[in-house]
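Engineer: Compute the structure for the input listed below.
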Amino acid sequence: MNSFLEQYVERITGLDIEASRAEASHIGNLTVPPGALGKLESLAVQLAGITGDIKPSFPKREVIVMAADHGVCEEGISAFPQEVTTQMIYNFLSGGAAVNVLARQAGAEVVCVDIGVNNDLAHPSLLSRKIRCGTANMAKGPAMTREEAELSIETGIRIVEEAVQRGVSLFVTGEMGIGNTTASAAVMCALTNTEPRDAAGRGTGLDDERLKHKISVIERALELNAPDASDPIDVLAKVGGLEIGGLTGVILGAAANRCPVMIDGFISSAAALLARAISPEAAAFMIASHASHEQGHRHLLQALDLRPGLDLDMRIGEGTGGVLGLTLVDAACRIVS
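Structural biologist: Numbering: from 1, shown residues only. You can find the predicted model right below:
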């Protein structure tokens, strides 16, 4: 890791154990049977440990939607063309995407970041942090350089730092990038030794033949690049994506600022796996919002030792499941207020 990341990771420490214990004691005095509120109780205890406050609240929350393109789309691994990435970004920026609708319901702001879209984008609300115009085709070589991978993580961290200065205290991970389930599956395989057939899913709607092809592309990328499982940045550089790196930084940034971070679906969970590999202490600040319909997601959650709050068979990404998970955070805060 470069010096910036090394210094930043040193800021990440564990939960406030005294606050967690005080919260557990407080819950024990509520007029409900012990354990009756289930996951809401454990979430309240976690939030107290994160913030050091037994009556936490999060009036300002942001969904960070990292957007980037993937060179591996050349291999025909997606049901949609790469141009859809750009189309969806403008949909986010106009407030018309599913994540925008659900974020408005949850009182969260959606921030869209161009960290690596293969197009020239212009919009007053777009946060432009482009590192390169999409990754290279990982089936033919590394997706990016190590320096670019580190910069993508650093970019996510800096975006969180800026948000914290604005008073944001709760983050939701979101993403957009045609082909990113392929990269996420490859990251998962590299870090957990999972077989590609168990990690790869249908994404936005692949049929059986194209799913087999997607699996073979992941196998080829892993064999060709030989990512080092003991080096998460090497894994990100060789078979990851710029938005995955950006979300890794968002998670690390949230943890360093003692803010909870709501993890969305499969792509966000791949970023969470990278963040935990870089800083094991960061895991304590992660909240799993839901279990998506993508087959590898449940395996990823198990690898992260995270229990999802919701199970709605969703597979849309964007941060939609993460935004729905904010309802659980609000509920956990209310029961102890």
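Engineer: When you work out contacts or count neighbours from here on, use the C-alpha atoms and nothing else.
Structural biologist: Will do.
Engineer: which residues touch the residue lying closest to Asp198 once chain neighbours are set aside?
Structural biologist: Nearest residue to Asp198, sequence neighbours excluded (C-alpha to C-alpha, 6 or more residues apart in numbering): Gly296, at 6.3 Å. Listed by C-alpha atoms under 8 Å, 6 or more residues apart in numbering, the contact set of Gly296 reads Ala185, Asp198, Ala199, Ala200, Gly201, Phe266.
Engineer: Those, buried ones only, as a ChimeraX selection?
Structural biologist: The following ChimeraX line selects those of the contacts of Gly296 that are buried, judged by 16 or more other C-alpha atoms under 10 Å:
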select :185,199,200,201,266
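Engineer: wait, doesn't Ala97 sit right on Tyr90?
Structural biologist: No. Using C-alpha atoms under 8 Å, Ala97 is not in contact with Tyr90, being 9.1 Å away.
Engineer: Can you pull up the most central residue in this protein?
Structural biologist: By C-alpha atoms, centre = their mean, the chain has its centre lying nearest to Ser268, at 2.4 Å.
Engineer: Ramachandran coordinates for that one?
Structural biologist: Dihedral pair for Ser268: phi -60, psi -40, per degrees, to the nearest 10.
Engineer: quick revisit: what about the residue nearest to Asp198, helix or strand, and which?
Structural biologist: When elements are assigned from DSSP states H and E, Gly296 belongs to helix 295-304.
Engineer: Could you list every helix and strand in contact with the next helix or strand along the chain from that helix?
Structural biologist: Using DSSP H and E, the helix or strand that follows helix 295-304 in sequence is helix 320-335. In terms of contacts (3 or more C-alpha pairs under 8 Å, 6 or more residues apart in numbering; DSSP states H and E), helix 320-335 is packed against helix 39-51, helix 98-106, strand 170-176, strand 261-263.
Engineer: Tell me which residues of helix 320-335 come out buried.
Structural biologist: Using 16+ other C-alpha under 10 Å as the test for burial, helix 320-335 gives Thr320, Gly321, Gly322, Val323, Leu324, Gly325, Leu326, Leu328, Val329, Asp330, Ala332, Cys333.
Engineer: Where does pLDDT dip in the stretch 101-250 of the chain?
Structural biologist: Within the stretch 101-250 of the chain, the ranges that satisfy pLDDT under 70 run 204.
Engineer: Can you tell me the SS state at Val63?
Structural biologist: Here Val63 is recorded as strand under DSSP: H, G, I helix; E, B strand; the rest coil.
Engineer: Quick one: residues contacting it.
Structural biologist: Ala103, Ala108, Glu109, Val110, Val111, Phe171, Val172, Thr173, Gly174, Gly319, Val323.
Engineer: how far away is it from Ser230?
Structural biologist: 30 Å (C-alpha to C-alpha, to the nearest Å).
Engineer: Buried residues, stretch 97-111. List them.
Structural biologist: Those would be Ala97, Val99, Asn100, Leu102, Ala103, Ala106, Ala108, Glu109, Val110, Val111, for stretch 97-111 by 16+ other C-alpha under 10 Å.
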